[in-house]
Structure formats: C-alpha cells, structure tokens
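> Have a look; sequence and predicted model below, questions after that.
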Amino acid sequence: MATQTIDATLFASTHPDIVKRTSVSGLIFSVTMLVVGILLFVSLFEMNDKSSTVSMTLMVAGTALILFGVFRLFWKSKEIVYLPTGSVAKERSIYFDLKHLGKLTEMIEHKMLNGESEIKSDASGNVRMDIMLSQDNKFAAVQLFQFVPYTYTPVTTVFYFTGGEAAAVSAFLMKSTMA
C-alpha cells in the first residue's frame, strides 16, 4: 500500500464541532498545587533550623509542587470538547501489525469500523491509528499511519464519524484492544 502526501494529521487538524477549552477542574488542581508548594516553601523560612531534615523535605516538596503545578497549568489545563453534546474527547493511538493495513484502510475509507472485526491491536507495530473519541461516543475522528523508516507517514486523511458511526468506532476499539 503506497502512502500519500497528506498535510493535516488528526491531532493538528481542526473540526468545527471540536474546541479546546480550559478545564476548570484541571485549573483548580494546578493552582492548588502551586499554592500548597508556595506555602511549603515559605514555611521553610519560618523555621529556626534551616539545615534540618524537615526543612530540606519542605524545600524539596515545595519545589516539586510548584514545578508540577506550573507544568499542569500551562500544558494540562486544556481539554478537547465536542460542542453539540458538551462531551470531553480524548486522543490516543493504537498500533496494529502491518498485515492489517489494507483491511484497516478499507474499513476507515468505507466507514465500516465496527465491533464485528477480528483485527487485534498490538503494543507496538508498523501501523498506527490515531483516534479522537468523545466520552459519550457521539463523535470520533480516525487517521491511519504506516511506519516508514524513522517516522509514521499518513496513509489516510482524517475521517470523522458522528452518532451511530462513532459508537461503532468505539465498539471496534473496545473489541480490538481486548486481549
């Protein structure tokens, strides 16, 4: 199967019904981590013996919480949302053996991804399927890649599924990832 030149990939493309917005719970958790870290670090300066084990522990814990809080604040406080239902969507990749490339390509292009397929995923493989799936299974986006030395190259464009088709994609994923 020859690969084709495809500019947009699933995780970089946009869809009118998908938006990235700030996760309120993620934002609160990040800010809480920052505040607790700062409080631990400030309490270090109130101690009389700054060379004790407790003060060193407070310094390390405070610094770690501040760093993790900043990381979460800037990189983990966004979530992808499917607008028509308000459901949060998750992105992931699953891998397949190269022998399944033709069948998977055909299934995606004909929108025939469903739980009736006998194709099983692997821990790693020469075929990668990138998926974005809403938690309510009302929206799915799928793209297939093939490993060509040193990188995964797109084999298909991004295909979007809504309603029953998205639920079928979810059923396919559940069945293909079962051991």
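Received the coordinates, thanks.

> only C-alpha atoms for contact and neighbour calcs from this point on.
OK.

> per-domain residue ranges of the chain.
24-76, 88-177 (automatic domain parsing).

> and the end-to-end length of the last one?
Start to finish, the residues bounding domain 88-177 are 21 Å apart (Cα to Cα, to the nearest Å).

> Specify the beta-bridge partners of Lys78.
As for beta bridges, Lys78 partners with Thr22 under DSSP bridges.

> Compute the distance between it and Arg92, please.
Taking Cα to Cα, one finds Lys78 at 16 Å from Arg92.

> Just the pLDDT for the residue nearest to the spatial centre of the chain.
Nearest to the mean C-alpha position of the chain, by Cα atoms, centre = their mean, lies Glu91 at 3.3 Å. As predicted, Glu91 sits at a pLDDT of 90.

> Is it in a helix, a strand, or coil?
Three-state call for Glu91 (DSSP: H, G, I helix; E, B strand; the rest coil): strand.

> need the contact list for it.
Phe11, Asp130, Ile131, Met132, Leu133 (Cα atoms under 8 Å, 6 or more residues apart in numbering).

> quick one: pLDDT of the residue sitting furthest away from the middle of the chain?
Distance to the chain centre peaks in the chain at Asn48, reaching 46.3 Å (criterion: Cα atoms, centre = their mean). Looking at Asn48, its pLDDT stands at 78.

> Equivalent analysis for Ile94, please.
For Ile94, pLDDT reads 92.

> how much space between it and Thr162?
20 Å.

> go on, Asp49?
For Asp49, the distance to Thr162 equals 62 Å [Cα to Cα].
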